[in-house]
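**Student:** sequence and computational prediction follow.
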Amino acid sequence: MPLHVVILAAGQGKRMHSALPKVLHRIAGRPLLAYVMDAAMALKPERIFVVHGHGGAEVKNAFAGAPVEWVDQARQLGTGHALMQALPRIPRTATALVLNGDVPLIRAETLRKLVRSAGKGIAIATSDLSDPSGYGRVVRDAKGHVQHIVEQKDAKRAELAIREWYAGFLAGNASRLAGWLAKVANRNAQKEYYLTDVIGIAAAAGAQVSAVKATDSREVAGVNSREELAILERAYQNGQAKKLLAAGVALADLWRVDVRGELECGRDVSIDVNCVFEGKVRLGDRVRIGPNCVLKNVTIASGSEVLAFSLLEDAEVGAGCRIGPYARLRPGAALGEGVHIGNFVEVKASRIGAGSKANHLAYIGDAEVGARVNIGAGTITCNFDGASKNRTVIEDDCFIGSDATLVAPVRIAKGSYIGAGSTISRDTPPGQLTVARARQVSLPRWTPPRKKPAGEK
């Protein structure tokens with residue numbers, strides 16, 4: 001039987017207190033809706049429909065090019081009404097799987113089980129909570145058969161004591177769902193057409209209602225507030241941390257690491273607390289990451305160490321390097337083997353050869369630095385002339401004295417020594433000391449200015 005997926009993503013999310021549509025709020029750097037789409041696509045359905053409403057244009061723009069069909073719910077009259085907008089596009093013989101766009105941790109395995117359980121009736125996802133406040137309760141008869149779902153605002157005292165709640169996912173034959181939906185009324189506290197009413201209508205008609213219970217309630221938990229978003233963020237990150245630990249990565253604290261993309265680690269990698277990994281990050285064998293570091297789209301070869309409070313973005317680090325503390329590698333930075341980039345050193349769009357060092361307080365931008373170069377404290381490459389960027393070339397075995405200013409475009413020839421405090425604006429000859437600074441003068445008769453005593457004119 002062909003499978004068609006409908007993702008309900010039209011809600012405003014008033015409790016988020018945000019102008020951003022709820023499904024565009026992020027977990028691990030990605031919109032909530034992206035996770036639901038991924039789970040749906042893993043089932044390889046014939047079509048995926050996304051019902052949008054509040055902020056629909058913004059939602060569609062965020063997923064431009066996604067393999068989904070968009071359905072506009074112009075008036076938000078409830079979840080049942082939302083499904084009604086999509087059902088006419090689904091073949092009557094198909095199985096319709098209905099998902100919520102604000103449930104990011106749902107697994108494809110759970111959805112497959114839900115579809116298999118539907119059969120000729122209907123299957124719903126449920127879970128147990130010690131406090132299911134705010135959720136619809138699953139009401140069963142004496143034999144344990146599902147009778148109906150009652151929403152929190154419409155529940156009686158005995159029903160509020162039920163711990164099993166409806167997780168908002170269901171699967172069933174499209175034709176039968178359409179028939180049951182046609183009988184849904186809006187006689188409830190919110191004057192909306194509840195999708196949950198379909199379950200009671202189906203059960204009353206003698207259809208089999210199967211409940212697929214998620215053992216981990218966080219998998220089917222939705223986001224309705226900033227607090228719930230933060231809770232699911234931590235649950236997601238804790239899951240990522242456990243995967244890293246299982247793969248042999250040493251984490252200082254499995255609750256204080258954030259993976260917002262793909263993190264691939266070699267053997268004997270160690271990661272200290274409060275580190276953030278974004279995009280695609282590759283860490284080779286024996287790489288050590290100190291506390292409070294941020295790495296985005298970075299490759300680090302074996303045996304390198306990144307010390308505390310360093311920021312690396314779109315950069316490549318060779319083997320045996322030492323970065324930080326408080327270092328910054330900006331996009332286009334590429335370090336050879338054994339390079340040292342120390343505290344308060346910034347590297348941008350530059351290649352630095354093997355064994356070179358900039359141990360403190362330097363800026364290296366738009367530069368080509370050879371091997372075994374020493375860059376002293378306070379050195380900068382003046383790469384921007386106000387209109388365009390220019391390159392600095394420092395060949396192998398050069399020594400750049402402290403507080404040097406290299407005005408690009410300029411070439412420092414192999415083996416050059418640059419005297420401290422020099423401003424270099426012309427190419428230097430190889431193997432020579434170049435000094436470019438004002439002559440030092442002392443004035444023996446000079447006296448410092450004197451402050452007048454109070455009252456003196």
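**Tutor:** That came through, no problem. Numbering: from 1, shown residues only.

**Student:** make it CA atoms for all contacts and neighbour counts henceforth
**Tutor:** Fine.

**Student:** A strand includes Leu8, no?
**Tutor:** Yes - assessed by DSSP: H, G, I helix; E, B strand; the rest coil, Leu8 belongs to a strand.

**Student:** residues contacting it?
**Tutor:** Taking Cα atoms under 8 Å, 6 or more residues apart in numbering, we find Leu8 in contact with Val50, Val51, His52, Thr79, Ala82, Leu83, Val98, Leu99, Asn100, Gly101.

**Student:** what's the spacing between the closest residue to Asn238 other than its chain neighbours and Glu228?
**Tutor:** Of all residues beyond its chain neighbours, the one nearest Asn238 is Trp255 (5.9 Å), with distances taken as Cα to Cα, 6 or more residues apart in numbering. Note on Trp255: its distance to Glu228, by Cα to Cα, to the nearest Å, is 17 Å.

**Student:** what do you get for Arg256?
**Tutor:** With the distance defined as Cα to Cα, Arg256 ends up 18 Å from Glu228.

**Student:** neighbour count for those two, which is higher?
**Tutor:** Using other Cα atoms under 10 Å, the more surrounded residue of Arg256 and Glu228 is Arg256, with 18 against 14.

**Student:** please parse this structure into its domains.
**Tutor:** Taking automatic domain parsing as the domain assignment, the ranges for the chain are 3-220, 240-434.

**Student:** quickly, which of those bottoms out on average pLDDT?
**Tutor:** Taking each of these in turn, the lowest mean pLDDT turns up on domain 3-220, with a mean of 92.

**Student:** just the helices from this structure, written as ranges.
**Tutor:** Along the chain, the segments classed as helices by DSSP state H run 32-42, 56-62, 79-86, 108-118, 157-160, 174-181, 197-204, 226-246.

**Student:** distance to Asp216 added to the ones you listed, as CSV?
**Tutor:** Listed next are the helices of the chain as CSV, based on distance: least, Cα to Cα, whole Å:
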stretch, distance to Asp216
helix 32-42, 17
helix 56-62, 29
helix 79-86, 24
helix 108-118, 11
helix 157-160, 21
helix 174-181, 28
helix 197-204, 23
helix 226-246, 11
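
**Student:** closest to Gly355 out of the ones you listed?
**Tutor:** When those are ranked by proximity to Gly355, the top entry is helix 226-246, at 31.4 Å, counting by Cα to Cα.

**Student:** other SSEs contacting that closest one?
**Tutor:** Here helix 226-246 touches strand 26-27, strand 250-251, strand 257-265, going by 3 or more Cα pairs under 8 Å, 6 or more residues apart in numbering; DSSP states H and E.

**Student:** what comes up buried for it?
**Tutor:** For helix 226-246, the neighbour count (16 or more other Cα atoms under 10 Å) marks Leu229, Leu232, Glu233, Arg234, Ala235, Tyr236, Gln237, Asn238, Gln240, Ala241, Leu244 as buried.

**Student:** what does the spatially closest residue to the fourth one that is not a sequence neighbour show for phi and psi?
**Tutor:** Once its chain neighbours are removed from consideration, Arg234 has its nearest residue in Trp255; the separation is 7.4 Å (Cα to Cα, 6+ apart). Trp255 has phi and psi values of phi -100, psi -10 when expressed as degrees, to the nearest 10.
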